[in-house]
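[1] Return atomic coordinates for the entry below.
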Amino acid sequence: MAREQRRLAAILAADVVGYSRLMGRDESGTLARLREHRTQRLEPTLARHGGRLVKLTGDGALAEFPSAVDALGAAIDFQQAMTDANHEQPEDNRVVFRIGLHLGALIVDGDDLYGDSVNVAARLEAEAPPGGIVISGNLHDAVAGRLKAIFDDLGGLVLKNIERPIQAFGVKWEPADWKVSAPSAAVPSITAAPLPTNLPLALPDKPSIAVLPFQNMSGDPEQEYFADGMVEDIITALSRTKSLFVIARNSSFAYKGKSPDIRQVGRELGVRYVLEGSVRRSGNRVRTTGQLIDASSGSHVWADRFDSALEDIFELQDQMTSSVVGAISPALERAEIERSHRKPTENFQAYDFYLRGMACTYTFTKEANQEALRFFHKAIELDPKFSASFALVANCYTQRKAFGWFTDRVREIAEAERAARLALELHGDDPRVLGNAGWALAWVVGHMDEGEAYLDQAIKLDPNYAVAFIFAGSAKTYLGKSDVAIEYLGRALRLSPLDPRAFLAHGGMARAHFIAGRYAEAAEWASTALRQRPNFVNGLLVSTASLAMSGSTPKAQQAYAVLRQLLPNPRIANIREWLPFSDDIDFGKFAKGLRLAGMPE
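    Below is the predicted model of the structure:
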């Protein structure tokens, strides 16, 4: 099964105002003017700002940008160019565009883009005035203070076919700040060539990051201490992550009060990633934004916004730091995986093998799982004390069990236990080792209580480790602790909402609600997990039982039919190994649901 590709990008949707009226009056002339605007204004603007034209529709266009700043710069640049082009045209002949912009995750299919983010951009475009621009709150947070523009808060807009209100901003600008008459014009200060510097520092042999001072958006200079304290806490928290190289506070604070080119920061500090953001304190509320940028290209890897009440300033700093660090860590990991794919295959260093193996684990196919094991064993050959590789070997076996890929169950369980215990022996104080090894001992080997203890220890050492919350929450479902499980799994989804392993949390939620007797909710959570991974055998088991117990017998039988394709000849007697509940009553409810769907004893 092909892996669904996703990436974070800024989306620009543009549309011609009154297109039907223009075509009705002068079809040939309108098409000719549209072609002229596309070739002389739109395409050169995209080229100047690093955008890609995804598609043209009869009356509009869709483009993507790796940088939110470049996307908005291109939108203003293009609208200003159109204003200049229309200046001497009769009013009823003018071609005028509306533009909407959004920053979010996309589904990539060849050269085309899909997903909720594309729909949001298109709906925001419909809210823009003729010749104007409307942007989402996500994109606003990424560009505020970095472009010569004014933003009008439009509040939360209710958009067609979008289930949630979208925070939106109207964009205004001074034409004198955006002169685009010359073909080579570019956004001032943002895309200008960086100033010459000394030779760049060599990048460390692990992911590296600098945290720049956050902007104080409160309008009160006395609040600088709050923003600086926030950043210092983030730097301290990141520094505790052994897999990262983090620039010290004194170096990153050399940029305080400046607006440096991020690529220049990367060269000067010798880091691949830069985190920047802002803090706004108003009365009893605080808003913190963060953007993680790849310093080699200037493109956004991750962006988010955090709102909270201000009751205890130090407690709030800890809460914000936890949220930011917890969200950044998965983004850094995914970005490093993508980078490893672009490196020459002859670079067979242990860390590269480790990253390549990790990338394979996110594909969730049997072939990729085998490849991951091969890469991790190669990493171990180069570094026999590479505890993280041993831990991910153990994790591969948890994946093999969850998807029904065991070929020699007894041998593979023994391999999982061996790898887990070696990892713990080498580095038993590393949260990542504790998380992956603990879950293997619990789920694959069957030592659920021991595995739970290791998982709880991982969370204690790193309360921002989202996957440990997934594994610990899942273990607690099998131990009958449904309320705690739901709390843990919800925390995991909040820390890492775009995690490729989110389906495991959704499956855990389904089990927890099933145990609590909420069968309809359990079926919904299982359905969410299976939409992401239709071949998730453990999810199919929970879906089958939940649907049956909620009274949806035909749907339960359909789920059971799919299950049999992946797990030939399933029997109630051997399903206990898949659902290792400590309480016979909990397993008995599952067995009842599976019988109702047609599974034999």
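[2] going forward, measure contacts between C-alpha atoms and count neighbours the same way
    Noted.
[3] Number of residues surrounding residue 244?
    Neighbours of residue 244 under the rule other CA atoms under 10 Å: 17.
[4] how many other residues sit next to the closest residue to it other than its chain neighbours?
    Nearest non-adjacent residue to residue 244, counting by CA to CA, 6 or more residues apart in numbering: residue 207, 5.2 Å away. Neighbours of residue 207 under the rule other CA under 10 Å: 17.
[5] Pretty sure residue 207 sits against residue 294.
    No. Contact between residue 207 and residue 294 fails when scored by CA atoms under 8 Å: they sit 11.0 Å apart.
[6] Would you mind listing the residues touching both of the two?
    272-273 (CA atoms under 8 Å, 6 or more residues apart in numbering).
[7] domains of this structure?
    Following automatic domain parsing, one gets these domains for the chain: 5-177, 208-341, 345-463.
[8] so what's the backbone phi/psi at residue 277?
    phi -180, psi -170 (degrees, to the nearest 10).
[9] check contacts around it.
    Contacts of residue 277 (CA under 8 Å, 6+ apart): 142, 212-215, 288-291.
[10] Identify the residue spatially nearest to it, adjacent ones excluded.
    residue 290 (4.2 Å).
[11] So which bits of the one helix or strand that neighbour maps to are buried?
    Counting by DSSP states H and E, the element that carries residue 290 is strand 285-294. Using 16 or more other CA atoms under 10 Å as the test for burial, strand 285-294 gives 286-294.
[12] who's sitting farthest from the centroid in the chain?
    residue 90 (47.1 Å; CA atoms, centre = their mean).
[13] confidence score at it?
    On pLDDT, residue 90 comes in at 79.
[14] how near is it to residue 60?
    Separation of residue 90 from residue 60 (CA to CA, to the nearest Å): 21 Å.
[15] so who does the nearest residue to residue 590 once chain neighbours are set aside touch?
    Once flanking residues are discounted, residue 590 sits nearest to residue 545: 5.7 Å by CA to CA, 6+ apart. Contacts for residue 545 (CA under 8 Å, 6+ apart) come out as 556, 590-594, 596-597.
[16] so of these, which ones are in strands?
    Using DSSP state E, the subset of the contacts of residue 545 located in strands is empty.
[17] Which members of those are positioned in helices?
    556, 590-594, 596-597 (DSSP state H).
[18] OK, contacts around residue 564?
    Contacts of residue 564 by CA under 8 Å, 6+ apart are residue 570.
[19] Next, it: phi, psi?
    Main-chain torsions, residue 564, degrees, to the nearest 10: phi -70, psi -30.
[20] Ok, residue 260 next?
    Taking degrees, to the nearest 10 as the convention, residue 260 sits at phi -70, psi 160.
[21] Describe which strands the strand holding residue 290 pairs with in its sheet and in which direction.
    Strand 285-294 pairs in its sheet with strand 273-282 (antiparallel), strand 299-309 (antiparallel), by DSSP bridges.
[22] what's the closest of these to residue 234?
    strand 273-282 (9.9 Å; CA to CA).
[23] Just the buried ones from the contacts of residue 545?
    Counted by 16+ other CA under 10 Å, the contacts of residue 545 give 556, 590-591, 593-594, 596-597 as buried.
[24] ok now do residue 150, which residues does it touch?
    Neighbours of residue 150 in contact, by CA under 8 Å, 6+ apart: 171-173.
[25] swap the cut-off to 6 Å and go again
    171-172 (CA atoms under 6 Å, 6 or more residues apart in numbering).
[26] What does it show for phi and psi?
    Per degrees, to the nearest 10, the backbone of residue 150 is at phi -120, psi 140.
[27] what are the bridge partners for it, then?
    residue 172.
[28] From residue 271, how far off is it?
    Taken as CA to CA, the span from residue 150 to residue 271 is 32 Å.
[29] do residue 412 as well
    For residue 412, the distance to residue 271 - CA to CA - is 40 Å.
[30] quick one: which of the two has more around it?
    residue 271 (26 against 19).
[31] Need the three-state assignment for that one.
    Put simply, residue 271 is coil when judged by DSSP: H, G, I helix; E, B strand; the rest coil.
[32] Just give the closest residue to residue 31, not the sequence neighbours.
    Closest to residue 31 by CA to CA, 6+ apart is residue 23, at 7.9 Å.
[33] and the one you found, what element?
    Going by DSSP H and E, residue 23 is part of helix 19-25.
[34] buried set for that helix?
    Those would be 19, 22, for helix 19-25 by 16+ other CA under 10 Å.
[35] Show the average pLDDT along that helix.
    Rounded mean pLDDT across helix 19-25 is 79.
[36] again, but for stretch 444-454
    On average, stretch 444-454 scores 94.
[37] just to revisit the earlier point, which of the domains of the chain sits closest to residue 513?
    domain 345-463 (19.1 Å).
[38] Sketch out the low-pLDDT regions of the stretch 401-550 of the chain for me.
    Low-confidence segments of the stretch 401-550 of the chain (pLDDT under 70): 464, 494-499.
[39] ok, which stretches of it are helices?
    409-427, 431-439, 448-461, 466-478, 482-495, 502-515, 519-532, 537-549 (DSSP state H, counting those that start in this stretch).
[40] Show me the one of the ones you listed that comes nearest residue 13.
    helix 519-532 (27.1 Å).
[41] Please find the angle between the direction vectors of the closest one and helix 502-515.
    160 degrees (axes from the mean of the first three to the mean of the last three CA atoms, to 10 degrees).
[42] In helix 519-532, which of the residues would be classed as buried?
    519-530, 532.
[43] Stretch 35-50 too?
    37-38, 41-42, 44-46, 48-50.
[44] what about the nearest residue to residue 479 once chain neighbours are set aside, neighbour count?
    Nearest residue to residue 479, sequence neighbours excluded (CA to CA, 6+ apart): residue 582, at 5.4 Å. When neighbours are defined as other CA under 10 Å, residue 582 has 15 of them.
[45] Relative to residue 481, how far out is residue 582?
    10 Å.
[46] one step back: what sits against the residue nearest to residue 277?
    Taking CA under 6 Å, 6+ apart, one finds 276-277, 303-304 in contact with residue 290.
[47] Now tabulate those in CSV and tack on pLDDT and distance to residue 443.
    Output for those, formatted as CSV (pLDDT from 0 to 100; distance: CA to CA, whole Å):
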residue, pLDDT, distance to residue 443
276, 89, 39
277, 86, 40
303, 79, 34
304, 77, 33
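[48] got a markdown table for the residues you listed, with distance to residue 444 too?
    Compiled in a markdown table, those are given as follows (distance: CA to CA, whole Å):
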| residue | distance to residue 444 |
| --- | --- |
| 276 | 41 |
| 277 | 42 |
| 303 | 36 |
| 304 | 36 |
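[49] Going by distance to residue 475, which of those wins?
    For these, the nearest to residue 475 is residue 304 (29.7 Å; CA to CA).
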